[in-house]
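Trainee: Build me a model from this:
(one chain, ligands or ions: 2)
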Amino acid sequence: MSVLQVGLGERSYPITIEQGCLQGIATNLGATHSASRYCIITDDNVSGLYGEQLQEAIRSAGMDCDLLVFPHGEAHKHLVTVGLLLSQAAQKGLDRRSMIIALGGGVSGDIAGFVAATYMRGVPFIQIPTSLLAQVDSSVGGKTGVDIPEGKNLVGAFHQPLAVYIDPDVLSTLPRREYINGLAEVIKHGIIKDADYFQMLGEKFDQVMALDPEVLGELIQVSCRIKAEVVAADEQESNTRRILNFGHTIGHAVEAASDFQILHGFAVAIGMVACARISVLKGILGNDKLAAIISMIKRYGLPTEVPEDLDRDRIKSYLLTDKKRIGSKTSYILAVDIGEVIITEEVSDEEIDAVIGL
Ligand SMILES: NC(=O)c1ccc[n+]([C@@H]2O[C@H](COP(=O)([O-])OP(=O)(O)OC[C@H]3O[C@@H](n4cnc5c(N)ncnc54)[C@H](O)[C@@H]3O)[C@@H](O)[C@H]2O)c1
Ligand SMILES: [Zn+2]
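Mentor: Ligands and ions are numbered 1, 2, ... in the order given. Below you'll find the predicted structure:
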């Protein structure tokens with residue numbers, strides 16, 4: 001077992017990473033996170049796999065526990081789902097001393113976290129992430145929210161959980177494509193902060209792909225440590241937290257231009273390579289480092305190029321929308337080495353054209 005701390009002063013919280021910990025959470029819940037009642041929020045895939053079991057365990061431990069389920073998928077990460085869940089929470093009699101348990105992938109975490117942030121102006125919640133992406137990324141950092149037709153994650157709140165419990169064993173039921181999707185963020189962590197970690201991902205490729213428990217535990221731990229450190233230094237993303245967006249500016253545009261047919265991590269992989277290429281064009285990253293990044297991304301089954309049939313003009317128009325929304329120039333994260341990135345606004349349209357393959 002390993003326990004990391006997200007250092008946010010009074011709102012600091014632990015991330016517990018332990019094989020099989022999902023089984024034992026109910027036993028200590030009353031002591032560690034006492035509440036008038038508990039309310040698990042999850043999607044209809046995870047509910048049958050782990051939600052009902054967890055609800056039963058909490059009830060068996062003598063506590064009241066509701067289970068609220070919504071249909072899985074990004075398409076349901078919107079205000080209607082949140083509205084329904086808020087009503088159900090009220091109907092179940094949740095009060096300000098109730099505790100929400102966000103169980104599932106990033107969609108469940110973002111929705112349940114937003115319900116927790118807004119129900120009665122905020123109730124406590126804990127995160128139990130079950131996808132790799134949620135375990136290494138979305139469950140840590142306190143960003144919650146939903147999509148609106150005008151854009152992804154445009155509505156939300158910062159609401160830090162009281163604790164995060166990560167059980168790597170649950171990844172055994174995660175579809176392979178979703179696992180690879182999460183690995184894109186893992187590779188990102190190596191590139192932005194930790195060259196040794198990047199190297200480890202190369203050396204332990206077979207074990208990572210085989211979900212070797214020891215290697216998986218180490219991987220989740222290092223990724224959570226990196227995310228926690230970045231978040232602790234700049235909780236509200238006014239500056240340095242933006243390095244977590246490496247590959248995301250172009251990635252989001254690719255994702256949107258594909259009408260979300262390309263999964264987030266796959267689009268981010270394309271974005272990371274594009275930004276590494278811009279870094280080489282600018283002469284701040286060596287060609288050997290670019291080659292190492294491309295080879296790692298390819299090896300893990302992730303794409304490195306914008307698909308040929310994807311309309312470049314649409315990608316560029318999404319980049320432009322992004323710029324307008326921010327009300328200033330778009331920020332890009334560029335690599336100066338493996339393990340080190342910089343934040344800059346100095347990326348020209350010509351450089352974008354050159355790397356997205358016009
Ligand atoms: N809040 C943040 O800081 C942050 C950061 C990154 C991403 N996100 C958000 O996270 C979301 C993506 O998260 P995701 O990739 O986990 O998507 P997701 O929650 O939709 O999960 C992917 C799929 O895997 C299923 N699933 C999850 N765990 C499973 C398990 N153990 N076994 C079997 N199936 C399982 C889900 O039901 C779903 O169908 C996006 O909405 C994104 O905006 C948020
Ligand atoms: Zn991401």
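
Trainee: Skipping adjacent residues, who's closest to the residue in the stretch 251-358 of the chain that ligand 1 sits nearest to in space?
Mentor: Checking the stretch 251-358 of the chain residue by residue against ligand 1 with CB to the nearest ligand atom singles out His264 as nearest, at 5.9 Å. The way it works is simple: take the backbone N, C-alpha and C, and place the C-beta from them, glycine included. Excluding its sequence neighbours, the residue lying closest to His264 (CB to CB, 6 or more residues apart in numbering) is Glu255, at 6.0 Å.

Trainee: Please apply the same query to Ala232.
Mentor: Using CB to CB, 6+ apart, the closest residue to Ala232 is Gly7 (4.2 Å).

Trainee: Likewise for Gly217?
Mentor: Distance criterion CB to CB, 6+ apart; nearest residue to Gly217, sequence neighbours excluded, is Pro168 at 5.7 Å.

Trainee: quick one: that neighbour and Gln19 touch, right?
Mentor: Yes. Applying CB atoms under 8 Å as the test, Pro168 and Gln19 come out as touching, 5.7 Å apart.

Trainee: Quick check: neighbours shared by the two?
Mentor: Common contact partners of Pro168 and Gln19 (CB atoms under 8 Å, 6 or more residues apart in numbering): Pro213, Gly217.

Trainee: one step back: for the residue nearest to Ala232, phi and psi?
Mentor: Here is the backbone geometry of Gly7 (degrees, to the nearest 10): phi -80, psi 100.

Trainee: ditto for the one 10 residues further on
Mentor: Note on Ile17: backbone dihedrals following degrees, to the nearest 10 are phi -120, psi 110.

Trainee: who are the neighbours in contact with it?
Mentor: Ile17 makes contact with Met1, Ser2, Val3, Leu4, Ile166, Pro168, Gly217, Ile220, Gln221, Cys224 under the criterion CB under 8 Å, 6+ apart.

Trainee: if we go to 10 Å?
Mentor: 1-4, 135, 164-168, 216-221, 224 (CB atoms under 10 Å, 6 or more residues apart in numbering).

Trainee: Keep these, but drop any that are not near ligand 1.
Mentor: By CB under 6 Å from any ligand atom, no member of the contacts of Ile17 lies near ligand 1.

Trainee: The residues you listed, buried ones only, as a PyMOL selection?
Mentor: To isolate the buried members of the contacts of Ile17 in PyMOL, using 16 or more other CB atoms under 10 Å:
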select buried, resi 4+135+164+165+166+167+168+216+217+218+219+220+221+224
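
Trainee: interface residues of this structure facing ligand 1?
Mentor: When proximity is defined as CB under 6 Å from any ligand atom, the chain approaches ligand 1 at 43, 45-46, 49, 72-74, 77, 104-108, 110, 130-131, 133-134, 137-138, 141, 143, 153, 170, 173-174, 178, 181, 264.

Trainee: now, which of those residues lie within strands?
Mentor: Among the residues of the chain next to ligand 1, DSSP state E puts Asp43, Gly104, Lys143, Asn153 in strands.

Trainee: quick one: Leu302 and Gly265, what's the gap?
Mentor: 7 Å (CB to CB, to the nearest Å).

Trainee: So for these two, which sits in the more crowded spot?
Mentor: For Leu302 versus Gly265, neighbours defined as other CB atoms under 10 Å are more numerous around Gly265 (27 against 22).

Trainee: Tell me which residues touch that one, please.
Mentor: 132-133, 137, 177-188, 247, 251, 255, 300, 302.

Trainee: Show the contacting residues for the closest residue to ligand 1 within the stretch 151-300 of the chain.
Mentor: Scanning the stretch 151-300 of the chain for proximity to ligand 1 using CB to the nearest ligand atom identifies Thr173 as nearest, at 3.6 Å. Neighbouring residues of Thr173 by CB under 10 Å, 6+ apart: Asn45, Val46, Leu49, Tyr50, Thr130.

Trainee: One more: Phe260?
Mentor: Counted by CB under 10 Å, 6+ apart, Phe260 has contacts Gly73, Glu74, Ala75, Asp147, Lys152, Ala267.

Trainee: which SS state does it fall under?
Mentor: At Phe260 the chain is in coil, as set by DSSP: H, G, I helix; E, B strand; the rest coil.

Trainee: Could you check the pLDDT of it?
Mentor: With respect to pLDDT, Phe260 has a value of 90.

Trainee: what does Lys323 give?
Mentor: 63.

Trainee: The helix ranked longest in the chain packs against which elements?
Mentor: Identified as the longest helix of the chain according to DSSP state H is helix 213-233. In terms of contacts (3 or more CB pairs under 10 Å, 6 or more residues apart in numbering; DSSP states H and E), helix 213-233 is packed against strand 2-6, strand 13-17, helix 132-133, strand 163-166, helix 176-193, helix 195-203, helix 205-209.

Trainee: If anything else comes up later, I'll come back, but that's it for now.
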